[in-house]
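Student: Sharing a model that was predicted from the sequence below.
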Amino acid sequence: MLFNSLDFAIFLPIVFILYWFVVNKSLKLQNLLIVAASYLFYGWWDWRFLSLILFSTIVDYSVGRKLRSEENQTKRKALLWTSILVNLGFLGFFKYYNFFLDNFITAFSFFGKNISANSLNIILPVGISFYTFQTLSYTIDVYKRKLEPTKDFIAFSAFVSFFPQLVAGPIERATHLLPQFYKKRTFDYSKAVDGMRQILWGLFKKVVIADNCAEFANQIFNNSADMNGSTLVLGAVFFTFQIYGDFSGYSDIAIGTSRLFGFDLMQNFNFPYFSRDIAEFWRRWHISLSTWFRDYLYIPLGGSRGGTWMKVRNTFIIFIVSGFWHGANWTFIVWGALNAIYFLPLLLTKNNRNNLETVAKGRYLPNFKELSLMLLTFGLTVFAWIFFRAENITHALDYISEIFSTSILEVPQFSKRAEAVTVLKLICVFLLIEWFGREGQFAIEKIGLKWNRVFRLLMYYSIIFLIVWFGGKEQQFIYFQF
């Protein structure tokens, strides 16, 4: 079920009414309704894969209960590895089986050994990378005694399957989200209104920005061999805003929807395209995933505490694993490695934590140095996204080589150029709104709050109009495939 679909527009009010007006007297019933609604939400796509969520839920709940009473360290490690192997086993099979099989065959054929093996027509369960990491955080934190294991199976099931963030995050920590299912929730009007504003802005990002950019990004990337360099630059820029509008838009809708039900989710995007270096970018982009890898992979490996070799090794590991998490393709691995190369000079010169504050905080405009650094970081990010979007490494290299040819001086040539200009204008308006709202949790969190009510409503209705006007190009969320 897509957030930007009629199905969800019907589903959400029904669940909201049942939650606050029918089962509001009982916390247990509220949690049970969330579980039922979440399973319906996920099963709307393919009910067969509900068994995976249920099985992971049962395994990690049981492991948590066992860890509560087990003091023997060897047995505790065995329980932890049971959870890790089960969860990553499912993820590995559904997402990476064919990738490893194909590369295994290619490696042997390189040495003159031809191996015959059949790949499987495997359907990738939507959101498996997200809920796998979310439930693993519970087991790991219980093992480390950072979290008391739950006795409430319904609350734990709701935590694992919570429908607003089930299929594309944010990837919540058990220490943050699970305790919220234990507490009685009362309707908070101001919280709900704030949630609706965030949903509205998320829909604008998705429908107006991402879906319209997708049309031209797809056209250019899918026909890149016939395009000149300047057109390919535009294609990369369109994809840059497509993936940001798509993914951060989903996160905004998820967070806003959660607020309607009395829950607080972590911020997942913090205006990353206004970053002044790559380190700042990764503190602001897909925050729930980057902090997950930091806490459960980078720090256990030693983080940046060791010598130069350890810093280099750990940086490449975390970025390459992050790239591989996104998909079973060498393009994602190269994308991760490229970001590691961007990041390493900052780490080795101890400049990776220079830009912790919001850029131009308290000012309307950045200074020349800030603007230059933002443009440089944005350019590096756009370049890296080419590998992320390309079909394979050859496609990416051909795409880049054409950009760095003399054809970059030619006028862009592709169909519907007038519509593309309109989309570029929308991107400029979008960036302007994001800039003035960059100190909030989302762009329009505070914009207009002190305006006259008429002007404030005019802003909201203008956003709604644009969503309806540009809403005919519905595209699936990109991160559903991860």
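Tutor: Looks like it arrived, so ask away.
Student: For Phe263, which non-adjacent residue is spatially closest?
Tutor: Nearest residue to Phe263 in three dimensions, chain neighbours excluded: Gln180, at 5.4 Å (Cβ to Cβ, 6 or more residues apart in numbering). (Each C-beta comes from the backbone N, C-alpha and C, glycine too.)
Student: I'd like the distance between that neighbour and Val468.
Tutor: Per Cβ to Cβ, to the nearest Å, Gln180 is found 34 Å from Val468.
Student: cool, Leu347 as well?
Tutor: 46 Å.
Student: So for these two, which residue has more residues nearby?
Tutor: Leu347 (19 against 11; other Cβ atoms under 10 Å).
Student: SS state for that one?
Tutor: Classification of Leu347 using DSSP: H, G, I helix; E, B strand; the rest coil returns helix.
Student: where do the helices sit along the stretch 101-250 of the chain?
Tutor: Counting by DSSP state H, counting those that start in this stretch, the stretch 101-250 of the chain has helices at residues 128-143, 153-161, 174-177, 189-203, 211-222, 229-260.
Student: which stretches of the stretch 1-150 of the chain aren't confidently modelled?
Tutor: Where the stretch 1-150 of the chain drops to pLDDT under 70, the residues are 108, 110-119.
Student: any idea how far Ala158 lies from Gln165?
Tutor: 12 Å.
Student: swap in Phe383?
Tutor: Taking Cβ to Cβ, one finds Phe383 at 30 Å from Gln165.
Student: that older thread, quick one, what contacts the residue nearest to Phe263?
Tutor: Under the criterion of Cβ atoms under 8 Å, 6 or more residues apart in numbering, the neighbours of Gln180 are Gly262, Phe263, Asp264.
Student: what about stretch 275-291, average pLDDT?
Tutor: Here stretch 275-291 scores 97 as its mean pLDDT.
Student: what's the helix or strand for Gln413?
Tutor: Taking DSSP states H and E as the definition, one finds Gln413 inside no helix or strand.
Student: Please tell me I have it right and it contacts Gly229.
Tutor: No. Gln413 lies out of contact with Gly229 (Cβ atoms under 8 Å); the separation is 10.8 Å.
Student: of the two, who's got more company?
Tutor: Gly229 (20 against 12).
Student: what number of residues lie near the closest residue to Thr315 other than its chain neighbours?
Tutor: The shortest distance from Thr315 to any non-neighbouring residue, by Cβ to Cβ, 6+ apart, is to Ala340 (5.2 Å). Using other Cβ under 10 Å, Ala340 has 21 neighbouring residues.
Student: Please identify the helix or strand for Ala340.
Tutor: Applying DSSP H and E, one finds Ala340 within helix 330-348.
Student: dump the residue contacts of Leu232.
Tutor: Residues in contact with Leu232 (Cβ under 8 Å, 6+ apart) are Ile220, Ser224, Tyr399, Glu402, Ile403.
Student: top of the residues you listed by neighbour count?
Tutor: Using other Cβ under 10 Å as the neighbour criterion, Ile220 leads the contacts of Leu232 with 25 neighbours.
Student: Could you pull up the residues touching that residue?
Tutor: For Ile220, the contacting residues are Met227, Thr231, Leu232, Leu234, Gly235, Phe238, Phe414, by Cβ under 8 Å, 6+ apart.
Student: pLDDT wise, what is it at?
Tutor: In the predicted model, Ile220 carries a pLDDT score of 96.
Student: now it: how far from Ala420?
Tutor: According to Cβ to Cβ, Ile220 and Ala420 sit 10 Å apart.
Student: Now the common contact residues for the two.
Tutor: Leu234, Phe238, Phe414.
Student: could you redo those as JSON lines and give each row distance to Leu12?
Tutor: JSON lines is the format used below for these (distance: Cβ to Cβ, whole Å):
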{"residue": "Leu234", "distance to Leu12": "36"}
{"residue": "Phe238", "distance to Leu12": "30"}
{"residue": "Phe414", "distance to Leu12": "38"}
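Student: what's the closest of those residues to Trp44?
Tutor: Lowest distance from Trp44 to these (Cβ to Cβ) belongs to Phe238, with 29.9 Å.
Student: okay but the closest one is in contact with Ile209, surely?
Tutor: No. In this structure Phe238 lies outside contact range of Ile209 using Cβ under 8 Å: 10.1 Å.
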